[in-house]
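K.L.:
sequence? don't have it. structure:
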């Protein structure tokens, strides 16, 4: 809309409205004006919106001139649509004494905030904002009152599609919830109701199913749904459906992401599945609702990295919907936000002609329209908001011209886009680090099944970008509608001093079988844009390695919570990852100048010379013998230090935590404690350190800091010369209490819980409780203590409080081995373990040079086994053209020799990948020696055979001569 166009609108009779007027009041109504490009204001108007484009304007018009002014707006070429809207309040909420430009709409101090934002605009009187002599003024605001019960449909512009005749007609919506009444007055099109519960009724006794249906298809004027003509199929269920089969049958599934926020790693199923549209919740100020669950998905842990979830967010607080019988009410939650998106989906489906729907609409194409049309919010990261807030009209524009194609979500990873790109933007890349994994979702709108046509390719944008080496793992088959593409990113060794940005694109070609009436395969090229920050390799003292491999989460077994005081969350299911329930700790360590990497493979799969400290926190799995031996060597000979955080472990308490699970119809007993103390004791035994089986609770003070000790364990063995801190606690292991430490017994003697000791050139710090690092159920944090422990292990900085002579051990703290905590003998732990009964192998989250091997130092080469969920790894060929082909020809020795000896190549050709048992070759000098020895033996054998043949010939000739005599 140009300045001249705007003046002509004013001349059309629009009269200004007082700033205290309200849209929909007696004096005025409000209309939403959707502008094709922008609203440009005169320079004479003191308005911060002058320099910036906008998509929407809100205009207040006197009742007597509504039709005339709307008609004038619609005649303007740059105006796309005009809709009456009553959900915005136009009084000056800033107050007359506040600065005019302090915060106006999407502007703050005359600077535009990022993200697509609905910008309201009103006419009001004002001395500085006069456009012409008819006193028409523009005042920019963005104020949705949180206590104002708005029509959620108008917030997404549903009125615009209704005016075009799209109301959800001939769209079938299945609602899996608590049911619905057949004669409910809010619904015009209830087609079918079925009951899948053990209750003998089809009606809704709770109200949730009715509310959800009302948000989608209600027609009551007080609580309008998005698509009132949608056909409703109400399934009264409260169990999980066969989600993959549903989506494979071209059913678009929308599901709430869960109400376990603000905790990370708390996505609910089935919303965390890639073929389901997972919806999070926001409030009217575009803030992530506190109850909305956060990502990432955790199915891929420990060997992979989680996907971005939720997919989108929608308003989920104080939403109006239908009551059980009649009338409306408000509810909050992601189960309210998900029907908002379901209603949007129904409305969007009705946009496509019925004859074309089977060719165009499917779970992938609908998700493409939603995530590509979503408005990215300013502030939340990708694991909080996904693609952003649903934008109905943008998604409508995408679907109008949609052609079946494949795409990648997210389509961009930009380290400069913080905080959205957290945690990636929090820590730059550098050489000699563990691979950084980024897991994306392939959305295949071409068909329910698809395939990767050829390996993905990295296209650097400049010479410096060649320093990035990427390996890929991806779905063999894209089904149903979705797959994954994971990037494993490393900076090459020659980039160890590089500082700057790396940019380029990753492309992957996807194909699917022909559609109906087609004869040729469908093809599509997906593009993922990368913009990464790189720094010189940090010093060893500030580099930390986090052991993810030995963490077990629920499912597959009953892995109990770490704090027995928590009754409403009995399972340890948040992932125990740096970027889920330990994300606050991760941010703290980065702010403190530490660089922390993740190891999702055994302890043999990292080079200890690169790290100052290995962190072992809240671990539940066992250890390979090779891991125990290598870690001992790393600490004693390589200078690696350890920080260990344990948790409770008591067999008697575990047995008392047994419960009957109605879903599986079986008894569940914890397979381990908060941590696997017997396994940790085996790992720490070479250093004379062991934990006990007490369950300690209480508060203690250290360095004037009050710390909550929540179901922690005690230290029972520690070497002399170390420093051990003891405090008095309640011990619930003796009383058998499983819920509250108040039921425990006050221990008369102080219990050792913190120990620090030097081991040669290395250092070890152990603590008996991880709850003060875990944001899931934290009462008080102990980040300050962790920093002092890391300063000691990484930099040999000794805090006077921790290293007071009063806590120094003159004699070892000792307990007999037969009195240490023992393993349970009544279960098969190998069912849940990645160690017991499994092969030791470095997986795709390790450095490229040890993929598929036993790791560093041991120099094993094992069978090239196919990893579940990943493409087969060829140890003799690079996985991508951007990678050095030499790095996968065999495991590197500890001295990082870049050249591969001919002897090693010979063994590779001799044995290749068909060995049933690993072949050991301790070092490269032995290979040519063995080959030479074999050659000499072969020559000797050949010479001896020839000698024997000559003797036989001589003997036969002489006997023949004697017989003739």
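P.N.:
That came in fine, so what should we check first? Values in this document were obtained by computation on a predicted structure and should not be read as measured data.
K.L.:
where do the helices of the stretch 551-700 of the chain begin and end?
P.N.:
Remark: helices assigned in the stretch 551-700 of the chain by DSSP state H, counting those that start in this stretch are 583-591, 625-637, 651-656, 677-684.
K.L.:
which stretch in those has the least confidence?
P.N.:
Mean pLDDT per stretch puts helix 651-656 lowest among these, at a mean of 91.
K.L.:
tell me what it is packed against?
P.N.:
Helix 651-656 sits against helix 732-735, with contacts defined as 3 or more CB pairs under 8 Å, 6 or more residues apart in numbering; DSSP states H and E. (C-beta placed from N, C-alpha, C; glycine too.)
K.L.:
low-confidence regions, the stretch 251-400 of the chain specifically.
P.N.:
For the stretch 251-400 of the chain, no stretch has pLDDT under 70.
K.L.:
what about residue 278, which helix or strand?
P.N.:
strand 277-282 (DSSP states H and E).
K.L.:
what is the subsequent helix or strand relative to that strand?
P.N.:
Where DSSP H and E defines the elements, the next helix or strand beyond strand 277-282 is strand 312-315.
K.L.:
show me what that following strand is packed against.
P.N.:
Helices and strands touching strand 312-315, as assessed by 3+ CB pairs under 8 Å, 6+ apart, comprise strand 277-282, helix 334-351.
K.L.:
count the neighbours of residue 817 for me.
P.N.:
10 (other CB atoms under 10 Å).
K.L.:
now do the strands in the stretch 501-650 of the chain.
P.N.:
Taking DSSP state E, counting those that start in this stretch as the test, the strands found in the stretch 501-650 of the chain are 522-534, 543-547, 595-599, 613-617, 641-645.
K.L.:
the last one pairs with which strands, parallel or anti?
P.N.:
This points to strand 641-645. Sheet pairing of strand 641-645 (DSSP bridges) gives strand 613-617 (parallel), strand 762-767 (parallel).
K.L.:
can I get the ones you listed in TSV with mean neighbour count, distance to residue 704 and mean pLDDT?
P.N.:
Formatted as TSV, the strands paired with strand 641-645 follow (neighbours: other CB atoms under 10 Å; distance: least, CB to CB, whole Å; pLDDT from 0 to 100):
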stretch	mean neighbour count	distance to residue 704	mean pLDDT
strand 613-617	24	25	98
strand 762-767	25	18	98
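K.L.:
any chance of TSV for those, columns distance to residue 534?
P.N.:
Below are these laid out as TSV (distance: least, CB to CB, whole Å):
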stretch	distance to residue 534
strand 613-617	23
strand 762-767	30
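K.L.:
ok, the spatially closest residue to residue 588 that is not a sequence neighbour to residue 220 distance?
P.N.:
Excluding its sequence neighbours, the residue lying closest to residue 588 (CB to CB, 6 or more residues apart in numbering) is residue 783, at 4.9 Å. Distance, residue 783 to residue 220, by CB to CB, to the nearest Å: 51 Å.
K.L.:
give me the more crowded residue out of those two.
P.N.:
residue 220 (20 against 16).
K.L.:
would you say that one is within a strand?
P.N.:
No - Residue 220: not assigned to a strand; according to DSSP: H, G, I helix; E, B strand; the rest coil it is coil.
K.L.:
so it sits against residue 187, correct?
P.N.:
No - here residue 220 lies out of contact with residue 187, judged by CB atoms under 8 Å, at a distance of 9.4 Å.
K.L.:
quick one: common contacting residues for these two?
P.N.:
Shared contacts of residue 220 and residue 187, defined by CB atoms under 8 Å, 6 or more residues apart in numbering, comprise 214, 322.
K.L.:
lowest average confidence, helix or strand, in the chain?
P.N.:
strand 120-122 (a mean of 27; mean pLDDT, DSSP states H and E).
K.L.:
so where's this structure shaky on pLDDT?
P.N.:
Ranges of the chain meeting pLDDT under 70: 1-58, 77-78, 80-81, 83-150, 238-243, 663, 734-748, 858-930, 949-965.
K.L.:
tell me the centre residue of it?
P.N.:
Most central in the chain under CA atoms, centre = their mean is residue 296, positioned 1.8 Å from the mean C-alpha point.
K.L.:
what's the closest non-adjacent residue to it?
P.N.:
residue 306 (2.9 Å).
K.L.:
quick one: contacts for the residue nearest to residue 588?
P.N.:
585, 588, 772, 773.
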